[in-house]
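[1] need a 3D model of the following:
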Amino acid sequence: MHRLPNQQAVSRFRLAALLLICNRVLIVAIPILLVYSLVIEDPALTHLILALMSVPMSLTVILWVLTARLRCPLCIGLPFAISGSVKSRLARSLLGTYSLRVATSILMQGHFRCPYCGEFTAVEVRRPRHR
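    This is a model prediction of the structure:
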């Protein structure tokens, strides 16, 4: 199992995973809440939900910037990016996306399987080598 080079990379992977899951939950929840607020005819709730529609868009931009430098330590692939590259035969998706599988694996298990090379990477700092 491979490890990340420094604590900054570990923090970025965890933050990106958390933001990605929050973004996907908001993308699903906001339309449902909007329909609910229209059904119960609550204009204050409707305005609040319409204002919340900008949050997933801004989270997407933040994620795009944050995940641009997050790479697998073995194959240098971008595990959070949607790429046209060939996926490993070991790669599995979650709800149709590989990046969501990587994010849930990071938060729940502390490691992820790269969708491109298929190798596990622990989300922890590498131990220094002693000579």
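
[2] mind listing what's buried in the helix or strand where residue 107 lies?
    Residue 107 belongs to helix 98-109 when assigned by DSSP states H and E. Using 16 or more other Cβ atoms under 10 Å as the test for burial, helix 98-109 gives 98, 99, 100, 101, 102, 103, 104, 105, 106, 107. (C-beta placed from N, C-alpha, C; glycine too.)

[3] what lies in contact with the following helix or strand past that helix?
    Proceeding N to C from helix 98-109, the next assigned helix or strand is strand 111-113, under DSSP H and E. With contact meaning Cβ atoms under 8 Å, 6 or more residues apart in numbering, strand 111-113 is reached by 1, 13, 79, 88, 90-92, 101-102, 105-106, 119-123.

[4] count of neighbours near residue 11?
    Counted by other Cβ atoms under 10 Å, the residues lying close to residue 11 total 12.

[5] could you shift the numbering so residue one becomes 30, and keep it that way?
    Yes, from this point I'll number from 30; that puts the last item at residue 40.

[6] residue 108 contacts residue 99, doesn't it?
    Yes - if you go by Cβ atoms under 8 Å, residue 108 and residue 99 touch, sitting 6.8 Å apart.

[7] longest helix anywhere in the protein?
    Longest among the helix segments of the chain by residue count, using DSSP state H, is helix 36-68.

[8] in that one, what counts as buried?
    Buried, per 16+ other Cβ under 10 Å, within helix 36-68: 38-39, 41-42, 45-46, 48-49, 52-53, 55, 59, 62-63, 66.
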